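> Let's see this in three dimensions:
(chains A and B)
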Amino acid sequence: MIGRAPLRRGIAAFGLGLALACLALVSGAAAAPGDARMPELRGGPLDPTNDNGALTLDDGETLELGISTSEIAVKSNFSGAEITIFGAIVDANPFALALDQYDLVVTLEGPKLATTVRRKQRVFGIWINRHSVDFHPIPTSYSLSSTRPLGALATEATLEKYGIGTENLKVAPLQSSADSQVNVAAFREALLRRKESLGLYRSDPKGVNFVSSTLFKASISLPANIPVGTHTVHGYLFRNGNFVAEKRLPLHIVKTGLEQAINTYATNDAFLYGIFAVLLAALTGWLGSVIFRRD
Amino acid sequence: MTIYLPIAELSVNIFVILGMGGAVGFLSGLFGVGGGFLITPLLIFYNIPPAVAVATGTNQVVASSFSGALSHFRRGSLDVKLGLVLLVGGLSGSTAGIFAFKLLKSLGQLDLIVSLAYVTFLTIVGSLMMWESVGALKRLRAQSRSPGSSSAAPRHNQHTWVHRLPLKMRFRRSKIYLSVIPVIGLGFGIGLLTSIMGIGGGFMIVPAMIYLLRVPTNVVIGTSLFMVTFTTAFATLVQATTNHTVDVMLAIMLIVSSVIGVQYGVRVGRKLRGEWLRAGLALLVLAVGVRLAVGLFLRPEDIYSLIATGATAQ
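Below you'll find the predicted structure:
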């Protein structure tokens, strides 16, 4: 059901990235005269699609991403993983390349889930959950890799605009639930802190490296407790601190084999699963009493 | 070596789980209890979500109590009729408990109630057992000093309010004539706790049957195991159906290791005096209760906690 089409797309993108990188290496400068790729170009130096104001020299760069797989299987021995995402800057400006003006941010966002943050308070000496704030669906996990620390890469306003970095994720409380007595900001901060301490929100400011002038490689580490579901690889290209292009790819994180079978069984045939669990216990108990009966 | 638990949705160290199961099995074999009151808190300390710990702990108790009930049945130290009457209460209590469990989970107070229930019951039962076993040990010493003095087993002939209740029934194997009301009531209470706390409740039924119902000691353990087998099996089934929180992967590791642990516990237990064993169990029960109580009063590491509520929104 899942995987097939995205897998092909992933491979295609990967292949494209590699091919482009090879082309770039062979032809030297990307915009060499008489380049065979010219007809494919969507824009040149005069391309009007410029969303960063007139001051930016937009050469119509685009971003390509490719992952070696579009599906990661969580097996019984899963203890986290590291995935490598390849990408290429298409139609890079040779001057910008020479001046090292390009920066990249690659994130992996987990499926979004509505989340409640609860705060304990001391009541008669006992710590109990008193106040809670419900939040709009937030990514269950968020791993970020970049060529440089975010602060050095773009302005806070730009990062906020594109929702890059844990601080800038859209974590908003549901208005209806916001208790007037509580400080919602503290709950938001606590949510991000908990996610970080659980290893679900993480960042690596040196995780993206250029392999050649336009081809780059991003390493993203997945925690052992990564939630299953459809994750999104999101690449952002910056030039001189200005946002230029972005690209998304789906990445499916699935349980496989026995784990998947157990999970499906437990949800779809809950009653039979319960019977199975009880019989399994009874059988093991009986075996135990038989095996050790002699002595 | 780690193993991924499909329902708890996290990776755990397989040896930690096997060690827990083995140790709890050893203690349950030694003291003749199911061990649910030990396994559930241990799983929670090891970061297994409380809901999964409770449901899977229940499943583990099915194995240990069924194993025990079988051997008591073979020896004839099981009163099936009394067990069935207890079970009537047990199953209804268990059903009520499942609904309470769901309600508390949605209110966000499940952890608190589970902890409070543990602290309350473990400290009360632990103190009573301690009181009783210290008395027994004192008598034991007095007896060894002056042989021939009367032994102090529970007095069967003494009647209490329990014996004045209507709806009496004769239980042949236990050789008692007793109202079904306290039996069903006891079963109900234990069944309720089975669902909420993930325990069999053996450590509570046994003293209650001896001191409250005056059931002869020789059939008490077998009969309580009989009832516990069915209430925990029922609770496992209902937890699996309504809450989807039974993790068979976790359960099978716990079950296999505890079944082996039990056998070694039983062997060591045979070499020790009953009075000392009861004192040891009382100490263990109290220790777990106190540890959990401390957890309630200490400031938590982070006073904030997260709960994923909504369905996945892509």
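> from what I can see A:A92 touches A:L63, true?
No - when contacts are counted by C-beta atoms under 8 Å, A:A92 is not listed as touching A:L63 (10.1 Å). For glycine as for every other residue, the C-beta is placed from the backbone atoms N, C-alpha and C.
> ok, how many other residues are close to the closest residue in space to A:I83 that isn't next to it in sequence?
Nearest non-adjacent residue to A:I83, counting by C-beta to C-beta, 6 or more residues apart in numbering or on different chains: A:I220, 5.3 Å away. For A:I220, the number of neighbouring residues by other C-beta atoms under 10 Å in any protein chain shown comes to 24.
> Give me the secondary structure label for A:I220.
Per DSSP: H, G, I helix; E, B strand; the rest coil, the secondary structure class of A:I220 is strand.
> wait, what's in contact with it?
Contact partners of A:I220, counting by C-beta atoms under 8 Å, 6 or more residues apart in numbering or on different chains, are A:E82, A:I83, A:T84, A:I85, A:V106, A:T107, A:L108, A:S143, A:S145, A:D204, A:G207, A:V233.
> Show me which of the residues you listed are buried.
A:I83, A:I85, A:V106, A:T107, A:L108, A:S143, A:S145, A:G207, A:V233 (16 or more other C-beta atoms under 10 Å in any protein chain shown).
> By mean pLDDT, point me to the weakest helix or strand of chain A.
helix A:4-27 (a mean of 43; mean pLDDT, DSSP states H and E).
> How far off centre is the helix or strand following it?
Counting by DSSP states H and E, the next helix or strand C-terminal to helix A:4-27 is strand A:62-67. Chain-centre distance of strand A:62-67: 14 Å, with C-alpha atoms, centre = their mean, to the nearest Å.
> Which parts of the stretch 151-295 of chain A are helices?
Ranges of helices in the stretch 151-295 of chain A, per DSSP state H, counting those that start in this stretch, are A:156-162, A:184-197, A:257-268, A:270-291.
> Can you tell me which of those helices has the worst average pLDDT?
Note on the helices of the stretch 151-295 of chain A: lowest mean pLDDT is at helix A:257-268, with a mean of 79.
> ok, B:L272 - how many residues close by?
For B:L272, the count of nearby residues is 12 (other C-beta under 10 Å).
> Look at it and give its secondary structure.
Of the three states, B:L272 takes coil under three-state DSSP.
> got a list of what it touches?
The contact partners of B:L272, taken as C-beta under 8 Å, 6+ apart, are B:L30, B:G280.
> In the helix or strand where B:I113 lies, which residues are buried?
Using DSSP H and E, B:I113 maps to helix B:110-145. Neighbour counts over helix B:110-145 (16+ other C-beta under 10 Å) mark B:110-119, B:121-123, B:125-126, B:129-130, B:132-133, B:136, B:140 as buried.
> Taking the centroid of the chain, which residue is nearest it?
Answering for chain A, as no chain was given. In chain A, the centroid-proximal residue (C-alpha atoms, centre = their mean) is A:L108; its distance is 0.8 Å.
> that answer is for a different chain, and I need it for chain B
Taking C-alpha atoms, centre = their mean, the centroid of chain B lies closest to B:G201, which sits 3.0 Å from it.
> ok, for that residue, nearest residue in space, not its chain neighbours?
Of all residues not flanking B:G201 in the chain, B:I190 sits nearest, at 4.0 Å (C-beta to C-beta, 6+ apart).
> thought B:D302 was touching A:A190?
Yes - if you go by C-beta under 8 Å, B:D302 and A:A190 touch, sitting 7.3 Å apart.
> neighbour count winner among those two?
A:A190 (19 against 13).
> where's B:G89 relative to B:T194, distance?
Separation of B:G89 from B:T194 (C-beta to C-beta, to the nearest Å): 11 Å.
> Neighbour count: these two, which is higher?
Legend: neighbour count by other C-beta under 10 Å for B:G89 and B:T194, higher for B:T194 (30 against 24).
> Show me what the host helix or strand of the more buried one is packed against.
Counting by DSSP H and E, the element that carries B:T194 is helix B:180-197. Counting by 3 or more C-beta pairs under 8 Å, 6 or more residues apart in numbering or on different chains; DSSP states H and E, the packing neighbours recorded for helix B:180-197 are helix B:36-45, helix B:50-75, helix B:80-107, helix B:110-145, helix B:202-211, helix B:217-238.
> any idea what sits nearest B:Q239, other than its immediate chain neighbours?
In space, B:Q239 is closest to B:A55, 3.8 Å off (C-beta to C-beta, 6+ apart).
> cool, A:P111 as well?
Once flanking residues are discounted, A:P111 sits nearest to A:G229: 3.6 Å by C-beta to C-beta, 6+ apart.
> Surely that neighbour is in contact with A:I253?
Yes - A:G229 lies in contact with A:I253 (C-beta under 8 Å); the separation is 6.4 Å.
> More neighbours: these two, which one.
A:I253 (22 against 18).
> Out of the contacts of A:I220, list just those in strands.
A:E82, A:I83, A:T84, A:I85, A:V106, A:T107, A:L108, A:S143, A:S145, A:D204, A:V233 (DSSP state E).
> check contacts around the first one.
Think A:E82. Counted by C-beta under 8 Å, 6+ apart, A:E82 has contacts A:S219, A:I220, A:S221, A:L222.
> Put together CSV for those, with pLDDT on each row.
As requested, these are exported to CSV (pLDDT from 0 to 100):
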residue, pLDDT
A:S219, 90
A:I220, 89
A:S221, 86
A:L222, 86
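> Count the neighbours of the residue of the stretch 51-200 of chain A found nearest chain B for me.
For the stretch 51-200 of chain A, the residue closest to chain B is A:A114, as judged by C-beta to the nearest C-beta, at 2.7 Å. Neighbourhood size, A:A114 [other C-beta under 10 Å]: 17.
> That one: what secondary structure?
Strictly by three-state DSSP, A:A114 counts as strand.
> mind showing which ranges of the stretch 201-314 of chain B have poor pLDDT?
B:308-314 (pLDDT under 70).
> tell me which parts of it are close to chain A?
Within the stretch 201-314 of chain B, the residues that sit near chain A (C-beta under 8 Å from any C-beta of the partner chain) are B:229, B:233, B:236-242, B:244, B:246, B:248-249, B:251-252, B:255-256, B:259-260, B:262-263, B:267, B:296-300, B:302-314.
> now could you export just the CA positions of stretch A:163-177 as PDB?
Taking C-alpha atoms only, stretch A:163-177 is exported to PDB below (Å, rounded to 0.1, in the frame of the first residue of the first chain):
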ATOM      1  CA  GLY A 163       9.100  27.400  10.500                       C
ATOM      2  CA  ILE A 164      12.700  26.100  10.700                       C
ATOM      3  CA  GLY A 165      14.100  25.000  14.000                       C
ATOM      4  CA  THR A 166      12.300  23.700  17.100                       C
ATOM      5  CA  GLU A 167      11.800  27.200  18.400                       C
ATOM      6  CA  ASN A 168       9.900  28.100  15.200                       C
ATOM      7  CA  LEU A 169       7.700  25.000  14.900                       C
ATOM      8  CA  LYS A 170       4.100  25.800  14.800                       C
ATOM      9  CA  VAL A 171       3.200  24.800  18.300                       C
ATOM     10  CA  ALA A 172       0.000  26.600  19.200                       C
ATOM     11  CA  PRO A 173      -2.400  26.000  22.000                       C
ATOM     12  CA  LEU A 174      -6.000  25.300  21.200                       C
ATOM     13  CA  GLN A 175      -7.800  28.400  22.200                       C
ATOM     14  CA  SER A 176     -10.700  26.600  23.800                       C
ATOM     15  CA  SER A 177      -8.500  24.700  26.100                       C
END
